[in-house]
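Asks: structure for the following, please:
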Amino acid sequence: MRLSRRSRFWLASLLILVLGLGAHHLRLDARALLWLEESRRTSEERAASLWLPGYRTVLQVGVTGYEKEEFSDLAYNPATGTLFTVSSKQPLLIELSREGGVLRRIPVRGASDLEGVAVLEGGCMAITDERQHRLSIFRIDPGTQELRAEHFIQQVDLGHAEEPNKGFEGLAWDPRHRRLLLGKEKYPVMLYGLPSDGCRVTGELQELQDLGGYMTDLAALTVDPRSGYILALSQESHLLVELNETYQPHSFITLLRGLNGLEHSIPQAEGLALDEAGNLYVVSEHNLFYVFRKAPVDP
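Replies: Residues are numbered from 1 along each chain as shown. Now for the predicted structure:
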């Protein structure tokens, strides 16, 4: 069937719109600048950082029995060698092995929309509830089976977002600067710092950097203990960026099929963690688990 001129015009317009929206979400303009900046790094600068282009996927699995859950955020506990994620569908804190196996599930009574989790110091952990605009700190041990309001050491009101589902998502502990890092998902895509002694919040929320120039949303954060650099994850832009001490991009990878060993594009990356060996862990809704490892450098 031959299309009329008007039909061809509208079809072309629709195609341009779809391509434009795709380019916006992937931030192709910003990605070109990231490539340019990355190409200028010296070998010394690369060696002093994680240098994300050197990472490859070594594990891509689904977490059995959690197909209907919505994993969000991820944190590594160096004391136990395990990982923690939260589920926003059922309010759960879930402990995982480094291979993606479920070790235990801890119901969080009274929570409504868990989006962030961080391991602090002295057995302390923190979670954020996006709908309640609240950060809660508690201690956890091998016998912890559930969390209730009376278990919380401290609860902090993070303030109300203009859009209830676009509040704080990313959460990470930054021991070098004695602060929690929080990421606002959108409007604006902003990195914040919250002073802490490792088990309690000790100051006010501070704006650190607007990341909207590189990504259309901010889903997760983690900190490299060796360099102090920050990793910021965007699920919409399918992007993981390493930020230096002045919050400027140092390196990045794209989480799309065929790149960095990925068999399929990560559909909705929501959590990110880093262990002491430099291995990267990512969770994606609904129950997907990924491990990235630095590829050995040829002599």
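
Asks: check contacts around the closest residue to E285 other than its chain neighbours.
Replies: Distances taken as Cβ to Cβ, 6 or more residues apart in numbering put Q268 closest to E285, at 4.3 Å, once the chain neighbours are dropped. Quick note: C-beta positions are derived from backbone N, CA and C, even for glycine. When contacts are counted by Cβ atoms under 8 Å, 6 or more residues apart in numbering, Q268 touches Q235, S284, E285.

Asks: scan the residues you listed and report the most crowded one.
Replies: Using other Cβ atoms under 10 Å as the neighbour test, the contacts of Q268 are led by Q235, with 25 neighbours.

Asks: give me every residue that touches that residue.
Replies: Q235 makes contact with D217, A219, I266, Q268, A269, E270, S284, according to Cβ under 8 Å, 6+ apart.

Asks: returning to that earlier point: do you know how far the residue nearest to E285 is from I253?
Replies: Distance, Q268 to I253, using Cβ to Cβ, to the nearest Å: 17 Å.

Asks: about what we covered before: for the residue nearest to E285, what are phi and psi?
Replies: With angles defined as degrees, to the nearest 10, Q268 sits at phi -150, psi 80.

Asks: how far away is it from L255?
Replies: Going from Q268 to L255 by Cβ to Cβ gives 10 Å.

Asks: same question for I94.
Replies: According to Cβ to Cβ, I94 stands 22 Å off from L255.

Asks: ok, now R109?
Replies: Look at R109 and L255: by Cβ to Cβ, they are 34 Å apart.

Asks: which of those two has more neighbours?
Replies: Of the pair R109 and L255, L255 is the one with more neighbours under other Cβ under 10 Å, namely 23 against 11.

Asks: thought the more buried one was touching H264?
Replies: No - using Cβ atoms under 8 Å, L255 is not in contact with H264; the gap is 10.0 Å.

Asks: contact partners for the spatially most central residue of the chain?
Replies: Taking Cα atoms, centre = their mean, the centroid of the chain lies closest to A220, which sits 1.9 Å from it. Residues in contact with A220 (Cβ under 8 Å, 6+ apart) are D73, L74, E169, G170, G183, A232, L233, A269, E270, G271, L272.
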